[in-house]
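[1] fold the following and give me the result.
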Amino acid sequence: MWGQANPVWDGRNAWDHVRHKLHTSDDTLYHTFVTHIDIQDLNEDVTALPPLPDTLEYLICQRCPSLCTLPSMAPWLLHLKFTDCGALRALPPLPLTLLTLACHNCTALEQLPALEALSLTHLDVRACAALRALGSLPGSLTYLNCTRCASLARLPLLMRSSLRTLRCGRTPIRQLPDLPSTLALLDASSCAQLRHLPPLPA
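    So this is what the prediction gives:
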């Protein structure tokens with residue numbers, strides 16, 4: 001799904017290392033033609049990313065423990081993924097082109113930006129312990145994973161989506177909304193407070 005992300009930003013030598021690898025002396029990447037960026041293991045002193053190039057299509061941030069401030073997203077971004085970014089509380093507005101949004105174990109993430117108008121097909125927010133709501137979802141959505149979201153007590157309406165896979169296990173949800181006829185896989189395992197199931201698609 002994510003393809004080959006390049007260049008890889010290894011943050012263990014702090015932000016100067018990033019600029020050196022991208023051959024830039026300032027904090028902007030606007031004048032590059034980078035389409036893929038994979039940021040891994042940023043130094044704990046780095047709390048923000050610089051402005052991103054308009055050409056960016058893939059942005060992946062992994063194990064960036066102090067990252068809490070994001071720039072505006074590139075207008076043609078297709079795939080956005082954050083893993084183990086424990087200080088990240090919110091995302092900026094996302095472009096209409098976005099197809100995939102994944103936030104794994106971003107334990108401080110409290111809310112998502114508006115998603116309803118996006119081209120989103122995959123939403124994966126597993127193990128985001130502070131996330132309380134997903135908001136309205138787009139009709140294009142085919143995959144939703146909110147497993148181990150310990151504060152997520154309800155799901156939004158799903159009937160207008162094209163959902164084929166729903167994974168919501170280990171959440172405090174009490175009931176599931178009506179499910180679309182397109183659904184092929186439902187995983188609601190270990191939902192201790194779940195009291196009601198809607199009619200299941202035939």
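[2] beta partners of the residue minimising distance to the centre of the chain?
    Closest residue to the average C-alpha location of the chain: Ala102 at 2.9 Å, with Cα atoms, centre = their mean. Taking DSSP bridges, one obtains Lys81, Asp124 as the residues bridged to Ala102.
[3] how about it, what does it touch?
    Leu80, Lys81, Phe82, Thr83, His122, Leu123, Asp124, Val125 (Cβ atoms under 8 Å, 6 or more residues apart in numbering). From N, CA and C alone the C-beta is placed, and that goes for glycine too.
[4] so how far is Pro172 from the last one?
    Put plainly, it is Val125. 15 Å (Cβ to Cβ, to the nearest Å).
[5] give me the more crowded residue out of those two.
    Each of Val125 and Pro172 has its neighbours counted (other Cβ atoms under 10 Å); Val125 has more, 23 against 14.
[6] was I right to think that one contacts Cys103?
    Yes: in this structure, Val125 is within contact of Cys103 by Cβ atoms under 8 Å, at 4.9 Å.
[7] and for these two, which residues touch both?
    Common neighbours of Val125 and Cys103 (Cβ under 8 Å, 6+ apart) are Leu109.
[8] ok so, going back, in a markdown table, list the contacts of Ala102 along with distance to Leu112.
    What follows is the contacts of Ala102, written out as a markdown table (distance: Cβ to Cβ, whole Å):
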| residue | distance to Leu112 |
| --- | --- |
| Leu80 | 11 |
| Lys81 | 14 |
| Phe82 | 12 |
| Thr83 | 16 |
| His122 | 14 |
| Leu123 | 8 |
| Asp124 | 12 |
| Val125 | 7 |
